[in-house]
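>>> heads up, no residue letters with this:
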Ligand SMILES: NC(=O)c1ccc[n+]([C@@H]2O[C@H](COP(=O)([O-])OP(=O)(O)OC[C@H]3O[C@@H](n4cnc5c(N)ncnc54)[C@H](OP(=O)(O)O)[C@@H]3O)[C@@H](O)[C@H]2O)c1
């Protein structure tokens, strides 16, 4: 675990928050947990493609204190101006100085094509699409966020939902592992440069979401299949709500070094 360094993070003031991949799974659970902690006059922007499911997440977050807005956006294809626009639209009627904290959770993620063995990867277009969603557009969205909140940069908090796969190779998941590693390192470099921005790389552990079913349905790697089957049969998968609670606890306690990788199991 990253060394304990900094002060706690108080989310009880008015907080602006973007959460990607908010239509299901871990993202939905983080949104619901976050809503319990945010102070009056907070504003949450939920992003993913499926608008009906985003509406369900928004319903779960409903609170008299905070405003929830959501927008359907394909984050594999969205351009920088479209991202900037969705952020500015959500802020209509607000000033950026209204917020004590400006938070972004980069939770969006996908697994890529698990039906091609690592030594047979050669479809550049497919690899590019994978990196567009999981790395390049995460960086691009983060840049738009930083542009909007440049004036109050010392209030910015960034959470990247990472994985053990960012630091430990997992057979059959070359795109996922390399993408998570690249994405995590980008946030580490940013944290190194911007010491006044709080940056957390949170690894949620193995969680019962559609990602697990996707692995079992798609993988051609027997080792990977066995690992995930044993997670399932031993009841080792975490509920999204449990890891979301831990994520918020880690964030609020603030005991992570700049860009630190903190895993669900680090102090369990
Ligand atoms: N589940 C695990 O065991 C586990 C373990 C470690 C890390 N993680 C990480 O946790 C994060 C969430 O994973 P999860 O398990 O909750 O997965 P999930 O249930 O598959 O959710 C993925 C989310 O990403 C959104 N998304 C996917 N493609 C998108 C696109 N092109 N544009 C916009 N949004 C898109 C999905 O929404 P739409 O389909 O509506 O667009 C959905 O809300 C990921 O970063 C994942 O790598 C998961």
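Yep, that arrived. Keep in mind that what you see is a predicted model, and the values were worked out from it rather than measured.
>>> can you list the buried residues in stretch 95-102?
Neighbour counts over stretch 95-102 (16 or more other Cβ atoms under 10 Å) mark 99, 100, 101, 102 as buried. C-beta here means a position set from N, CA and C on the backbone, and glycine is covered the same way.
>>> return the member of the residues you listed nearest to residue 234.
For those, the residue nearest residue 234 by Cβ to Cβ is residue 101; the value is 38.4 Å.
>>> measure the residue lying closest to the closest one once chain neighbours are set aside to residue 203 for me?
Of all residues not flanking residue 101 in the chain, residue 15 sits nearest, at 4.2 Å (Cβ to Cβ, 6 or more residues apart in numbering). Distance check for residue 15 against residue 203: by Cβ to Cβ, to the nearest Å, it reads 23 Å.
>>> try residue 147
In this view, residue 147 and residue 203 are 28 Å apart by Cβ to Cβ.
>>> so who does residue 225 touch?
Taking Cβ atoms under 8 Å, 6 or more residues apart in numbering as the criterion, residue 225 is in contact with 172, 215, 216, 219.
>>> switch the cut-off to 10 Å
Going by Cβ atoms under 10 Å, 6 or more residues apart in numbering, residue 225 touches 114, 171, 172, 215, 216, 218, 219.
>>> of those, keep whichever come out buried.
In those, burial by neighbour count holds for 114, 171, 172, 215, 218, 219, counting by 16+ other Cβ under 10 Å.
>>> count the neighbours of the nearest residue to the second one once chain neighbours are set aside for me.
Yep, that's residue 171 we're talking about. Take residue 171 and drop its neighbours on the chain: the residue closest to it by Cβ to Cβ, 6+ apart is residue 223, 4.3 Å away. Counted with other Cβ atoms under 10 Å, the burial measure for residue 223 works out to 11 neighbours.
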